[in-house]
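**Student:** A structural model of the following input is requested.
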Amino acid sequence: MSRVNIINNKNTEELNQTIPSPAESNLQLKIATFNLFNYLEPPNAYYEFERIYSAEQWHKKQQWISDYLHEYQPDIIGFQEVFSTDSLRDLVKTQGYQYFEVVDQPMIIDDFIYKKPVVAIASRYPIIDVKAVKPNIELAQTLGLDTDFSFSRKVLRATIDAPHIGNCDCYVVHFKSKRSMIELAEDNSRSPEKTIIESLKAQVAGSWGATVQRGSEATLLMIEMIERRELSGNPMMLMGDFNNTLADGVLSHLLTNTLRFVSAIDRDAYLAKYCLHDAWDLYKIALTNEDDQESDTNIEIRTPTHYFGGSSSVLDYILLSAEFNASYHDSLYQVSQYETYDRHLINPIFDRDGESTDHGIVLITLTLRS
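**Tutor:** Residues are numbered from 1 along each chain as shown. Prediction:
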């Protein structure tokens, strides 16, 4: 071997020793949930035959998504309202996401009208397994649900080999919307008052039906997550558009952290392993633990992710297991940042935001604990 080659090999060895691997150097992990709002490449139509993006509109939507990913650089992203899965796969690949998965395809009517969008996940880190979560039908029947109960959109579970923490089960959801499950057929023979009465009845019953479906989806998913956790021991993340606030009772059981009639010793020893926590709450815990009182004061008001008429609400969430809870003694990460991107909702500029989304994008930063 020549002297030049010996010197080059020595320099290479020294360089490899001084530059850490990506997993060693990456002390932060960014997670986002992103409702794309009717992501469908033309000339296909979403829901109705006239709803088709022009080439200019589609380019604008693609650029808006790319700009967000380029600026904020999430490592793992859960997407909702995806019709064009191949287009999204290609787009995220240009932004450095080599791993992308879906577990379902939208419904297509008359060859070009798309309904029932799906969820997807993109990751900078290897996705080593992906599954569609299936509800426990026996349990569904016990709850009084139909024998053919299913999630309104298939729930995706991806196991990702994440830095420092290893295999992590990431769930992406888009729970049933609040839209009424009963549509009133037109009937010109009805009187105006009768039309109002029938519409009111349909709305009351149909909205409750949607609530039952949404709450049942969350319940049956949580059961599957607990069983998976018991089997694998993997950390858990649940992200998506919940179409509901966590505080009103319909979905609050996703954050259950107490048990009745169980020994406190057993409860405290095991319960934390199977509970989920709102990333927002974990962010406040991490700040409190750092005695950053000024920052804690600044985050008292949570930014909404959706606006309807004169009201606003948080519909998009990221829930995490104990490995990301700074108050848990064996946690590896803590939530060091929590951001809701909503510029396009509260201060839109048409040239920039005209084909964006009707949801805010939630992004959290997880920092490795020392």
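**Student:** around residue 163, how many other residues sit close by?
**Tutor:** When neighbours are defined as other Cβ atoms under 10 Å, residue 163 has 22 of them. Every C-beta, even on glycine, is put in place using the N, C-alpha and C of the backbone.
**Student:** so it makes contact with residue 123?
**Tutor:** No: taking Cβ atoms under 8 Å as the definition, residue 163 is not a contact partner of residue 123, at 11.6 Å.
**Student:** residues contacting the closest residue to residue 367 other than its chain neighbours?
**Tutor:** Spatial nearest neighbour of residue 367, excluding adjacent residues (Cβ to Cβ, 6 or more residues apart in numbering): residue 336 at 4.0 Å. Residue 336 makes contact with 28, 283, 286, 365-367 under the criterion Cβ atoms under 8 Å, 6 or more residues apart in numbering.
**Student:** equivalent analysis for residue 49, please.
**Tutor:** Shown in contact with residue 49 (Cβ under 8 Å, 6+ apart): 110, 112-113.
**Student:** give me the mean pLDDT for stretch 26-39.
**Tutor:** Averaged over stretch 26-39, pLDDT sits at 96.
**Student:** list the buried residues of that stretch.
**Tutor:** By 16 or more other Cβ atoms under 10 Å, the buried positions in stretch 26-39 come out as 26, 29-36, 38-39.
**Student:** which residue ranges form the helices in the stretch 151-300 of the chain?
**Tutor:** 192-232, 264-274, 279-289, 293-298 (DSSP state H, counting those that start in this stretch).
**Student:** what about the closest residue to residue 321 other than its chain neighbours, how many neighbours?
**Tutor:** In this structure, residue 321 finds its nearest non-sequential neighbour in residue 236, 4.1 Å apart by Cβ to Cβ, 6+ apart. Neighbour count for residue 236, taken as other Cβ under 10 Å: 24.
**Student:** just residue 255 next, same as before
**Tutor:** 16.
**Student:** so what's it up against?
**Tutor:** Taking Cβ under 8 Å, 6+ apart, we find residue 255 in contact with 246, 275-278, 319.
**Student:** shaky segments in the stretch 1-150 of the chain?
**Tutor:** For the stretch 1-150 of the chain, applying pLDDT under 70 flags the ranges 1-25.
**Student:** tell me which element residue 303 is part of?
**Tutor:** Assigned by DSSP states H and E, residue 303 belongs to no helix or strand.
**Student:** can you report phi and psi for it?
**Tutor:** With angles defined as degrees, to the nearest 10, residue 303 sits at phi -70, psi 130.
**Student:** and the strands in the stretch 1-150 of the chain, which stretches?
**Tutor:** For the stretch 1-150 of the chain, the strands defined by DSSP state E, counting those that start in this stretch cover 28-39, 45-46, 76-82, 99-102, 107-109, 113-115, 118-123, 127-133.
**Student:** count of neighbours near residue 186?
**Tutor:** Neighbour tally, residue 186, other Cβ under 10 Å: 7.
**Student:** ok, now how distant is it from residue 198?
**Tutor:** Using Cβ to Cβ, to the nearest Å, residue 186 is found at 11 Å from residue 198.
**Student:** pull the distance from stretch 348-357 to the chain's centre.
**Tutor:** 22 Å (Cα atoms, centre = their mean, to the nearest Å).
**Student:** mean confidence for it?
**Tutor:** Averaging pLDDT along stretch 348-357 gives 96.
**Student:** C-alpha coordinates for that stretch, CSV please?
**Tutor:** What follows is stretch 348-357, C-alpha atoms only, in CSV (Å, rounded to 0.1, in the frame of the first residue of the first chain):
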residue,chain,number,x,y,z
PRO,A,348,-53.9,34.3,5.2
ILE,A,349,-52.3,35.7,2.0
PHE,A,350,-54.0,34.4,-1.0
ASP,A,351,-50.9,34.1,-3.2
ARG,A,352,-49.2,32.1,-0.5
ASP,A,353,-52.0,30.3,1.3
GLY,A,354,-54.8,30.0,-1.2
GLU,A,355,-54.5,26.2,-1.5
SER,A,356,-53.3,25.3,2.0
THR,A,357,-55.4,23.5,4.6
